[in-house]
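Asker: Quick check, what structure comes out for this input:
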Amino acid sequence: MKKIQKTRESYYDVFVAYDGTEFTNHDDCLNYEGSARGVIMSKVRRLLVEETDLYAMFGIGSEDDYYLVLRPTTQQDADDVMQAFLFENSYMKDPQYADQVDRASALVQRCVAENDVLFVNICYERDCFYIKGTRNSLKERIDMIGKEKKENA
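Answerer: Here you go, the predicted model:
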């Protein structure tokens, strides 16, 4: 008797919603596409420049910490981004979070005005939507590191 090894390939169907989310079940994909989240995220996905992770961007951090890099260029694009922000963070509709919503909106508006890109953290489980900043705003924050201490000394 002789023993040999053989390779077996198997294939399976994957259903891809219009925003790129994958499902193994056709009905689940259809239900998602018809859901509010699916519709909102499809609007955001059309603004996608890149989907990346913290480690790929900076060489540090986690590959599990996902980011969408978006390029909103019109007021409608900005409205779509804010709709996703408020949908995923529904608690922010409470008046106590008005300042945070205003800051997020200002970053999105700045992004459109400066023809910049916007970094959105979508977390490990891809179940959040936190607007982290524009390329310019993040660079300004980095440039300020250490300057505040010198000015206060």
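Asker: and the nearest residue to residue 36 once chain neighbours are set aside, what helix or strand is that in?
Answerer: On the basis of CB to CB, 6 or more residues apart in numbering, the spatially nearest residue to residue 36 that is not a chain neighbour turns out to be residue 87, at 6.7 Å. From N, CA and C alone the C-beta is placed, and that goes for glycine too. If you go by DSSP states H and E, residue 87 is part of helix 75-88.
Asker: picking that back up, can you pull the contacts of the residue nearest to residue 36?
Answerer: Neighbouring residues of residue 87 by CB atoms under 8 Å, 6 or more residues apart in numbering: 36-37, 40, 129.
Asker: Put together a markdown table for the residues you listed, with secondary structure on each row.
Answerer: Putting those into a markdown table (DSSP: H, G, I helix; E, B strand; the rest coil) gives the following:
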| residue | secondary structure |
| --- | --- |
| 36 | helix |
| 37 | helix |
| 40 | helix |
| 129 | coil |
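Asker: Give me the buried entries from the residues you listed.
Answerer: Neighbour-count burial (16 or more other CB atoms under 10 Å) is assigned, among the contacts of residue 87, to 40, 129.
Asker: And the closest residue to residue 109 other than its chain neighbours, how far from residue 91?
Answerer: Closest residue to residue 109 apart from its sequence neighbours, by CB to CB, 6+ apart: residue 78 at 6.1 Å. Residue 78 is 21 Å from residue 91, where distance means CB to CB, to the nearest Å.
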